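K.L.:
here's a sequence, model it:
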Amino acid sequence: MPADYTYQRQHRSLGSFIILPTIWLALLAGWVLLDASPILLGIIAACTLPALWDLVRNPSASLTLSREIINWHSGPHSADISLKEITLIRLDTRLDFSVRATVVLKNGRKIRIPFEATPPHHAFETALIAQNIKTERHHFSLRQ
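P.N.:
Reported below is the predicted structural model:
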């Protein structure tokens, strides 16, 4: 029997720690050196507030694939699905090269795994095949 597959991630990253101060320094330089409009700079700075909030909160996301269930959580959202209820898991490569995973149940219902909780697709597909879960790959599809 294959071991449980677990994927976890934290939202806080080195890239966020570098990019946010860089943007703020560029805005400050625009204000001091170029005499840019404070209103325009304020609007641009306001666009960085969600990223700052995520850095402070540091939300986590995870997915676990065991012998009986697949479960995930991402922020306030979570789900537990028995492997017996799953027909297949569809992996869609989007136009931005990100991969979205959708669980298709035997009753026809589709449940999207949140992007934050979706593992790297090669390792995830290997773990699904090891658990005898059928997968479908769709590249660059706009519809589901």
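K.L.:
from now on I want contacts and neighbour counts done on CA atoms only, so please keep to that.
P.N.:
OK.
K.L.:
pretty sure Glu116 contacts Ala61?
P.N.:
Yes - Glu116 is within contact range of Ala61, at 6.0 Å (criterion: Cα atoms under 8 Å).
K.L.:
need the overlap of contacts for these two.
P.N.:
Jointly contacting Glu116 and Ala61 under the rule Cα atoms under 8 Å, 6 or more residues apart in numbering are 9, 74.
K.L.:
list phi and psi for Thr22.
P.N.:
phi -60, psi -40 (degrees, to the nearest 10).
K.L.:
measure it to Gly15 for me?
P.N.:
Thr22 sits 11 Å away from Gly15, going by Cα to Cα, to the nearest Å.
K.L.:
so those two - more neighbours on which side?
P.N.:
More neighbours surround Thr22 than the other of Thr22 and Gly15, with 12 against 8 (other Cα atoms under 10 Å).
K.L.:
what pLDDT does that one get?
P.N.:
Note for Thr22: predicted pLDDT of 97.
K.L.:
contacting residues for it?
P.N.:
Taking Cα under 8 Å, 6+ apart, one finds nothing in contact with Thr22.
K.L.:
roughly how far apart are the residue most central in space within the chain and Leu95?
P.N.:
Taking Cα atoms, centre = their mean, the centroid of the chain lies closest to Glu116, which sits 2.1 Å from it. To Leu95, Glu116 is 18 Å away according to Cα to Cα.
K.L.:
SS state for the residue nearest to the centre of the chain?
P.N.:
helix (DSSP: H, G, I helix; E, B strand; the rest coil).
K.L.:
burial check on Ala3, number of neighbours?
P.N.:
11.
K.L.:
what is the burial count for the closest residue to it other than its chain neighbours?
P.N.:
Among residues not flanking Ala3 along the chain, Ser66 sits closest, at 7.2 Å (Cα to Cα, 6 or more residues apart in numbering). Using other Cα under 10 Å, Ser66 has 18 other residues around it.
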